[in-house]
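K.L.:
only geometry, no sequence info:
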């Protein structure tokens, strides 16, 4: 008599115990482990110097990962289309709109948010400059402005030109950051309160 090799999931106690955890919306097996699914992947992000391993839906953005899964709410959801800059973070040292990045595509990346800029109780120089210059009003866009400014300083130090950079300027030396350069390089970060003059001054205070 032949043996039926077909597996009946109803005979597997682990299969019978699969359920969706209502607090995390994760599908778990009977052992409490996340269930592998075609639309989810496990990835590791290095966020503000801490390694974080998560299992996420493939559609989850870096912004939603930070805010909803890691509790880092400094990066803001403004337009959710990459047009306002409120969600700006640093990814491997370069500024990026986190609302446009899928988390699964950033596996292994090093991400720095506004929460990770300070050194303990000591603020980042740009954070101090924004306070000194009163370069904010409501503050909603400020985390993105500051993270973007950190990126601007790094790009200029590496000699990256902007649209405002003179055509004859060398690209192998740090780019000088005058007010025109700062305005151009920060043009992707909107401030609905109109604090632009003070923002430019704050960045200029820190620029070499």
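P.N.:
That came through fine. Just so it is clear, the structure is predicted and the values come from calculations on it, not from any experiment. Numbering: from 1, shown residues only.
K.L.:
What segments of this protein are strands?
P.N.:
Listed in chain order, the strands of the chain (DSSP state E) span 19-21, 26-28, 40-47, 50-57, 88-91, 94-97, 110-112.
K.L.:
what's the closest non-adjacent residue to residue 124?
P.N.:
In space, residue 124 comes closest to residue 117 once its chain neighbours are excluded; the distance is 4.0 Å by C-beta to C-beta, 6 or more residues apart in numbering. For glycine as for every other residue, the C-beta is placed from the backbone atoms N, C-alpha and C.
K.L.:
So which of the strands of the chain has the densest surroundings on average?
P.N.:
strand 88-91 (a mean of 26; mean count of other C-beta atoms under 10 Å).
K.L.:
Off-centre distance for it?
P.N.:
Between the centre of strand 88-91 and the centre of its host chain there is 4 Å, according to C-alpha atoms, centre = their mean, to the nearest Å.
K.L.:
now swap in stretch 39-56 and tell me
P.N.:
Here stretch 39-56 is found 13 Å from its chain centre; the criterion is C-alpha atoms, centre = their mean.
K.L.:
now stretch 79-89
P.N.:
The gap between the average C-alpha position of stretch 79-89 and the chain average comes to 10 Å, counting by C-alpha atoms, centre = their mean.
K.L.:
And the pLDDT at residue 167?
P.N.:
pLDDT, residue 167: 81.
K.L.:
Run a quick neighbour tally on it.
P.N.:
Counted by other C-beta atoms under 10 Å, the residues lying close to residue 167 total 5.
K.L.:
Residue 68 now?
P.N.:
For residue 68, the neighbour count with other C-beta under 10 Å is 13.
K.L.:
What separation do you get for it and residue 80?
P.N.:
13 Å (C-beta to C-beta, to the nearest Å).
K.L.:
any idea of the mean pLDDT in the lengthiest helix in the chain?
P.N.:
Using DSSP state H to assign secondary structure, the helix with the most residues in the chain is helix 142-157. Helix 142-157 shows an average pLDDT of 97 in the prediction.
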